[in-house]
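1. Provide a 3D model corresponding to the input given below.
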Amino acid sequence: MIAARAVLDASVLIRASIDRTEVARGWVDAVERADVEGTAPDLVWLEVASALRKYIAAGSIEQPVASRALARLLALPLQTRALSGLAEPALARSLSLGLSVYDASYLVLAEASDSLLVTADERLAAAAARAELVV
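-> This next block holds a predicted model:
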């Protein structure tokens, strides 16, 4: 039985898989066990890949490590939502809150699905009525 619903952003997935942050890892593990119904806009995968590229370019990790991390994350039972249904409300929220449209898409999805927003982004967490800031 699903105990909770949460929208996880890319920062949480990266912190769980590369930085190995305990709280982020706990959220990803809960999604993996189906204790939490995890959701994200489908741009999450490109954001994760972009972050992994930055780690590689900085020399923090090697490409095979990034590829394995991405494969593990892609295997998560994380439900993704198409951006077409999020674009208009994300644009409106981004303008009213001063967020990027990308960040606002996570916020809009969390609000629409009555989910907790889980993020490592302080500004995004502050904009949400229900959020957990993962540091």
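2. quick one: pLDDT of the nearest residue to residue 116 once chain neighbours are set aside?
-> The shortest distance from residue 116 to any non-neighbouring residue, by Cβ to Cβ, 6 or more residues apart in numbering, is to residue 6 (4.6 Å). (Glycine included, C-beta is placed from N, CA and C.) For residue 6, the pLDDT comes out at 98.
3. can you check the one 5 residues further on too?
-> On pLDDT, residue 11 comes in at 97.
4. that one and residue 115, how far apart?
-> Between residue 11 and residue 115 the computed distance is 16 Å (Cβ to Cβ, to the nearest Å).
5. likewise for residue 19?
-> Counting by Cβ to Cβ, the gap between residue 19 and residue 115 amounts to 23 Å.
6. who has more neighbours out of those two?
-> Taking other Cβ atoms under 10 Å, residue 19 and residue 115 do not tie; residue 115 has more neighbours (21 against 14).
7. the more buried one against residue 8, yeah?
-> No - Residue 115 is beyond contact range of residue 8, at 9.4 Å (criterion: Cβ atoms under 8 Å).
8. need the overlap of contacts for these two.
-> Overlap of the contact sets of residue 115 and residue 8 (by Cβ atoms under 8 Å, 6 or more residues apart in numbering) consists of residue 39.
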